[in-house]
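Student: pasting the sequence and the predicted model now:
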Amino acid sequence: MARIARKTINYLLKFGVLLLTVWFVYRHVNNNKNLEQFLAGIHRISKTQVYTALIAVTVMMLFNWLLEAFKWKFLTRLLEKMHLWKAVEAVFCGLTMAVITPNRIGEYGGRILYLPVRKRVHGIFAMAVGSFSQNTVTNVVGALSMVYFVHVYLHLNPLMFFGIVAAAGILISLMLLFYFRIRWLVFLLDKIKFLQKYHRFFGIMAKYNFRQLAYIMLLSLARFTVFSSQYYILIHILLPDLKLIPVMLMVFNLFFIQSAIPSLDLLDFGVRNFIASYLFSFITTQSVAIMACVSCIWLINLIIPAILGSVFVLKLNFFGNNN
């Protein structure tokens, strides 16, 4: 009876995830006016340019998530020897669950289900190291670009500007220090009494040495470069007069601000569009084109992978190993 109950719950969970994904995707893609504006905007551009750009951005999306699969494979090497394809499945499955949960929490669940049952909690903290690495890259580059943005476009008084520079310097220093000395974080967690008994789980974070952490950050930096370039390609197609450096500056600031705002993935395109519209207003009046590009990348980078990941959700065993 217990086995039948587990099977039934397993099927219901898979069906529930797929149903929610389909509902969210249909609702937000079907009513997204910015995607319609993107399609309208590309009519005046040669089809060859448009197809080339869209194919390039889609290939870069696949490469981006392949890099993440490499990172996940490397992060889990302390838990089990994972084949690359299994890591790819875990990443895409996590993306499907991420779109229907606040702040991408479901991404953790989707990935750790591909680990042995006894290693799944450990996997959460292994993935936390990878997320910390990606956030460190985003915040370091974003803080530097924000300082440049304030200096060039806002023209604050020297005292306020110095305060922003100091805050950026402190943020960068703390992020890099705690990332490359992640053992300190484990040490601090051990000082909290009720967490001490869970050391066997979060203690895995202290097992990554400097060289391993540097490799993980290198993969995070490669991902950051890939999805930043996607924005430039599409923006350049619609607004070819914009220069590379100002565009990338605004893209870095967009990532920086977006990373600090908790949200639901399928809803945060509205927030992202608002932020992008404000930032790019300093270099162009074509806010509609900017929001159209942001929405198109949201579709390519999140919705398409979430749909692909739904195939792997069907293979999941929520109560056993997924080999």
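Tutor: Yep, it's here.
Student: which stretches of the stretch 51-200 of the chain form helices?
Tutor: Read by DSSP state H, counting those that start in this stretch, the stretch 51-200 of the chain holds these helices, from start to end of the chain: 84-98, 105-112, 120-149, 158-180, 182-190, 193-196, 199-202.
Student: out of those, which is closest to Arg223?
Tutor: Evaluated over the helices of the stretch 51-200 of the chain, closeness to Arg223 peaks at helix 120-149, with 6.9 Å, by C-beta to C-beta. Heads up, the C-betas are built off the backbone N, CA and C, glycines and all.
Student: next, the contact list for the residue nearest to Leu115 when sequence neighbours are not counted, please.
Tutor: On the basis of C-beta to C-beta, 6 or more residues apart in numbering, the spatially nearest residue to Leu115 that is not a chain neighbour turns out to be Gly123, at 4.5 Å. In this structure, Gly123 makes contact with Thr76, Leu79, Tyr108, Arg111, Ile112, Leu115, judged by C-beta atoms under 8 Å, 6 or more residues apart in numbering.
Student: farthest-apart pair in those, please.
Tutor: Put simply, by C-beta to C-beta the two of the contacts of Gly123 set farthest apart are Leu79 and Tyr108, 14.1 Å from each other.
Student: give me the more crowded residue out of the two.
Tutor: Between Leu79 and Tyr108, counted using other C-beta atoms under 10 Å, Tyr108 has the larger neighbour count: 20 against 17.
Student: where does the stretch 101-250 of the chain have low pLDDT?
Tutor: Along the stretch 101-250 of the chain, the parts satisfying pLDDT under 70 run over 103.
Student: and Met97, how far from His236?
Tutor: Applying C-beta to C-beta, to the nearest Å, one obtains 33 Å for the distance of Met97 from His236.
Student: let me fix that: Gln230
Tutor: Between Gln230 and His236 the distance, using C-beta to C-beta, works out to 11 Å.
Student: of all the helices of the stretch 51-200 of the chain, which one is nearest Met60?
Tutor: Across the helices of the stretch 51-200 of the chain, the minimum distance to Met60, taken as C-beta to C-beta, is reached by helix 84-98, at 15.5 Å.
Student: name the residues of the closest one that are buried.
Tutor: Neighbour-count burial for helix 84-98, counted by 16 or more other C-beta atoms under 10 Å, picks out 86-98.
Student: by how many degrees do that helix and helix 120-149 diverge?
Tutor: 70 degrees (axes from the mean of the first three to the mean of the last three C-alpha atoms, to 10 degrees).
Student: what lies in contact with helix 84-98?
Tutor: Counting contacts by C-beta under 8 Å, 6+ apart, the residues outside helix 84-98 that touch it are 17, 21, 65-66, 68-70, 72-73, 76, 82, 104-111, 113-114, 265, 302, 305-313, 315-316, 323.
Student: at 7 Å what do you get?
Tutor: When contacts are defined by C-beta atoms under 7 Å, 6 or more residues apart in numbering, helix 84-98 is touched by residues 17, 21, 65-66, 68-69, 72-73, 104, 106-107, 109-111, 114, 265, 305-306, 308-310, 312-313, 316.
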